[in-house]
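> show me how the following folds:
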Amino acid sequence: MSTIELLWPALAAGLLVALVAGPLGSLLVWRRLAYFGDSLAHAALLGVGLSFLLAIPGWLGIILVCCVVAALLGVMLRHPELASDTLLTLLATTSLSLGLIVLSLVENVRVDVMAYLFGDLLGVGAGDLPALLLVTAVSLALLAWQWRALVLCAVNEELAAVDGMPVARLRLLLLLLVALIVTAAMKVVGVLLITALLVIPAAAARRFSRTPEQMALLASAVGMVAVAAGLGGSLHWDLPLGPAIVVAAAACFALASLLRRSATA
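Next comes the predicted model:
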């Protein structure tokens, strides 16, 4: 197998995830729920463990657990007795610990925990792309359909409620979409680094955006550049791929900060 045949599915998968992570990450940044990606990522590890324990497909266990956690958080945010960051920390640490415990109970199955923690993008094959393409297309279609309402809810929920928008349902839709993308992104950057792919491109794009649409598009572009640069750097210097993508995204953020400062100086 040639290098191109080996790499093109990995690059395509990374670009698809970055494409939809841009607008979703922007919405999370506006809602100040950036840590939600971490909570879902940790829950995804619990889904992996339950998949092995119950002998069901891995993607099914991950999606089920992530959707349950997303729905649980949506209910908690309706009647918050604790601050959102406290709730997210509670969910993240509990689900991660449960996931590690469940994985320790799995017998006669060798689990590459590091691949789940830090990603295994080169393990993506051409056969994985149709499902990922479907998830990306459905997610982008739902975002386009409800974009204005989602943005208004992210900026000011009270105003959105006064405007007659179903705030609770829109919040749940956002959380479930993030759950789907977290599931898809596990092979790209791993559960420990998923939040970086959601938040860092959005943070970089925010400095040059005047409208929500500009920020979402720029965030997708920054994420896609980070995936391509991380993949190239990983091959050239023999670096771990998931962390290389995150470092490339951080470099884009640093460059955006410098350009913004020089433009305003």
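> drop to CA atoms for contacts and neighbour counts, all remaining ones
OK.
> list the buried residues of the one helix or strand Arg169 maps to.
Element membership for Arg169, per DSSP states H and E: helix 167-189. By neighbour count with 16 or more other CA atoms under 10 Å, helix 167-189 contains the buried residues 167, 170-189.
> just the terminal-to-terminal distance for stretch 204-213.
Stretch 204-213 has an end-to-end distance of 14 Å (CA to CA, to the nearest Å).
> which residues sit against it?
Val151, Met215, Ala216, Leu218, Ala219, Val222, Cys252, Phe253, Ala254, Ala256, Ser257, Arg260 (CA atoms under 8 Å, 6 or more residues apart in numbering).
> surely the fifth one touches Leu197?
No - the pair Ala219 and Leu197 does not pass the contact test of CA atoms under 8 Å, sitting 9.7 Å apart.
> overlap in contacts of these two?
In contact with both Ala219 and Leu197: Ala21, using CA under 8 Å, 6+ apart.
> what sits against the spatially most central residue of the chain?
When CA atoms, centre = their mean is applied to the chain, the residue found nearest the centroid is Val182 (4.2 Å). Applying CA under 8 Å, 6+ apart to Val182 gives the contacts Gly37, Leu40, Ala41, Ala44, Val191, Ile194.
> surely the last one and Phe36 touch.
No - counting by CA under 8 Å, Ile194 stays clear of Phe36, with 10.2 Å between them.
> which one's more surrounded, the two?
Ranked by neighbour count (other CA atoms under 10 Å), Ile194 and Phe36 place Ile194 first, with 29 against 24.
> quick one: residues contacting that one.
Gly37, Asp38, Ala41, Val182, Ala185, Met186.
> in CSV: those, plus pLDDT and distance to Leu72.
Below are the contacts of Ile194 laid out as CSV (pLDDT from 0 to 100; distance: CA to CA, whole Å):
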residue, pLDDT, distance to Leu72
Gly37, 73, 14
Asp38, 74, 15
Ala41, 76, 15
Val182, 82, 16
Ala185, 79, 21
Met186, 79, 21
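> nearest to Leu91 among these?
Asp38 (9.5 Å; CA to CA).
> so which strand or helix has the closest residue to that closest one other than its chain neighbours?
Among residues not flanking Asp38 along the chain, Thr195 sits closest, at 5.6 Å (CA to CA, 6 or more residues apart in numbering). Taking DSSP H and E as the criterion, Thr195 maps to helix 194-206.
> past that helix, which element shows up next along the chain?
Helices and strands here follow DSSP H and E; after helix 194-206, the next one along the chain is helix 212-237.
> show me what the next helix or strand along the chain from that next one is packed up against.
Reading on from helix 212-237 to the C-terminus, the next helix or strand found by DSSP H and E is helix 241-264. Judged by 3 or more CA pairs under 8 Å, 6 or more residues apart in numbering; DSSP states H and E, helix 241-264 is in contact with helix 167-189, helix 194-206, helix 212-237.
> coming back round to it: which of the contacts of Val182 has the most neighbours?
Ranked by the number of neighbours (other CA under 10 Å), the contacts of Val182 place Leu40 first, at 34 neighbours.
> what lies in contact with stretch 65-78?
Under CA under 8 Å, 6+ apart, the answer for stretch 65-78 is 40-41, 43-44, 46-47, 84, 87-88, 91, 168, 171-172, 175-176, 179-180, 183.
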